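Student: Model the structure of this input:
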Amino acid sequence: MEDVAARAGVSRALVSLVMRGSPKVSAQRREAVLKAADELGYSPHVMARSLASRTSTVLGVMVSDLRNAFFADVVEGLDAAAQAAGFDLILNTGGRVPSRESAALRSLLSFRPAGLILLSPVVPASAIEAAARQCPVVLVSRTSRASGVDTVNDDGQTGSALAVGHLVGLGHRRIAHLDGGGAAGAAARRRGFRQAMRAHGLEPVVVPSEHTDTAGAKAVLELLSAYDRGELPTALVAGNDFNAVGAISALEEHGLRVPDDVSVVGYDNTSLASLRHISLTTVDQPRTELGRLALDALLERVRGERVAPVRHLLHPSLVVRSTTAPAQLRGKARS
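Tutor: Alright, predicted model coming up:
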């Protein structure tokens with residue numbers, strides 16, 4: 001900064017004002033400082049600036065699964081809101097493995113962030129609460145009772161009920177849920193599925209799975225080995241879109257048509273679901289809204305505007321596309 005100040009013929013303090021985007025600097029001096037910085041190849045060191053001012057402009061974000069388009073949409077909402085507020089994001093992932101996520105969480109904390117946003121984390125609650133003692137924490141797609149942790153969630157129970165109601169309305173009676181296991185949000189979706197099935201007088205079938213395409217395909221293979229073709233479920237409610245795509249692939253590989261033989265509903269309404277050759281019926285989560293609300297909640301804590309925790313619960317909706325159809329269109333496994 002001293003080199004930039006000398007090249008531009010201004011004070012170091014004025015260079016600092018320019019780099020912080022202060023409106024107190026004239027256009028002429030701002031241009032001179034930026035020109036000097038460009039000539040010298042200078043850019044401000046965010047971490048050093050935070051340490052010097054004792055106020056961090058860095059927010060840490062841990063993403064559960066980099067392959068899942070759902071998280072990209074949430075981060076898009078986060079990034080737009082963070083930029084508008086003058087904060088920088090640092091992202092990492094633990095790949096849905098608790099030990100790796102714990103290491104990723106420690107890594108983010110080493111940057112001394114102003115706060116953390118954790119997207120569908122699978123780390124123990126104790127690790128999240130320990131992090132919240134160091135800086136504000138917001139969870140997305142996971143619940144928490146800790147007073148120092150804010151949460152932003154989709155109403156998974158309602159989402160599953162929407163999926164079941166849609167399929168029952170199409171005449172399906174044998175409906176299976178491909179469960180998300182220990183993934184964040186899976187318990188609410190599983191609970192919603194069971195409640196909705198029983199409300200319609202139907203027996204819920206829950207198949208162990210995970211929120212991945214590989215697990216979706218494996219769950220279908222388990223169904224095929226457990227049932228005769230004529231007794232197979234006529235419809236599947238997948239744990240998420242990724243899981244649904246894997247299930248569809250396995251069904252088609254074994255000679256079953258979607259939706260003529262088996263209807264499939266996903267969850268999340270990611271960009272993957274809207275691709276023409278997939279055209280997946282799915283439950284829509286307001287993904288960018290999840291990100292925006294998470295960022296807003298975090299900044300309220302960072303700025304000392306609130307102490308009590310907030311618990312945002314957003315309502316999902318159903319997007320009907322081409323992977324669901326009336327049960328009577330099925331061939332051998334007519335319902």
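
Student: So what's the residue count around the residue nearest to residue 198 when sequence neighbours are not counted?
Tutor: In space, residue 198 comes closest to residue 204 once its chain neighbours are excluded; the distance is 6.7 Å by Cβ to Cβ, 6 or more residues apart in numbering. The C-beta positions use only the backbone N, C-alpha and C, and glycine is treated the same way. Under the neighbour criterion other Cβ atoms under 10 Å, residue 204 is assigned a count of 17.

Student: Any regions of this structure where pLDDT drops low?
Tutor: Scanning the chain for pLDDT under 70 picks out 20-21, 44-55, 328-335.

Student: Could you pull out the strands in it for me?
Tutor: 58-63, 88-93, 115-119, 137-140, 149-154, 175-178, 205-207, 235-238, 263-268, 281-284, 311-314, 317-319 (DSSP state E).

Student: For the first one, could you pull out the residues that count as buried?
Tutor: Within strand 58-63, the residues that qualify as buried are 58, 59, 60, 61, 62, 63, counting by 16 or more other Cβ atoms under 10 Å.

Student: Check the strands of the chain for me and report the most buried one.
Tutor: Comparing the strands of the chain by mean neighbour count (mean count of other Cβ atoms under 10 Å), strand 235-238 comes out on top with a mean of 33.

Student: For that one, name the packing helices and strands.
Tutor: Judged by 3 or more Cβ pairs under 8 Å, 6 or more residues apart in numbering; DSSP states H and E, the packing partners of strand 235-238 are helix 156-169, strand 175-178, helix 241-253, strand 263-268.

Student: Send over the shortest one as PDB, restricted to the C-alpha atoms.
Tutor: So the one you mean is strand 175-178. The C-alpha trace of strand 175-178 is given here as PDB (Å, rounded to 0.1, in the frame of the first residue of the first chain):
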ATOM      1  CA  ILE A 175     -45.400 -46.200  -4.000                       C
ATOM      2  CA  ALA A 176     -41.900 -46.600  -2.600                       C
ATOM      3  CA  HIS A 177     -39.600 -43.900  -1.100                       C
ATOM      4  CA  LEU A 178     -35.900 -44.100  -1.800                       C
END
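
Student: Note down every partner strand of it and its orientation.
Tutor: Strand pairing for strand 175-178, using DSSP bridges, gives strand 205-207 (parallel), strand 235-238 (parallel).

Student: Please name whichever of these is nearest to residue 4.
Tutor: strand 235-238 (54.8 Å; Cβ to Cβ).

Student: before we move on, the earlier item: pipe the strands paired with strand 175-178 into JSON lines and attach distance to residue 103 per row.
Tutor: Below are the strands paired with strand 175-178 laid out as JSON lines (distance: least, Cβ to Cβ, whole Å):
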{"stretch": "strand 205-207", "distance to residue 103": "32"}
{"stretch": "strand 235-238", "distance to residue 103": "30"}
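
Student: Now do stretch 250-264: distance from first to last residue.
Tutor: Terminal residues of stretch 250-264 lie 12 Å apart, using Cα to Cα, to the nearest Å.

Student: Give me the contact list for it.
Tutor: For stretch 250-264, the surrounding residues in contact (Cβ atoms under 8 Å, 6 or more residues apart in numbering) are 167, 170, 172, 216-218, 220-221, 224, 232-236, 238, 244, 247-248, 280-281, 322-325, 327, 329-333.

Student: out of these, which are buried?
Tutor: Buried among the contacts of stretch 250-264 by 16+ other Cβ under 10 Å: 167, 170, 172, 216-218, 220, 232-236, 238, 244, 247-248, 280-281, 323-325, 327, 329-330, 333.

Student: How far does stretch 158-177 sit from its chain's centre?
Tutor: 24 Å (Cα atoms, centre = their mean, to the nearest Å).

Student: in that stretch, what's buried?
Tutor: For stretch 158-177, burial by neighbour count (16+ other Cβ under 10 Å) applies to 158-164, 166-168, 170-177.

Student: Pull up the distance across that stretch, start to finish.
Tutor: Taking Cα to Cα as the criterion, the two ends of stretch 158-177 lie 15 Å apart.
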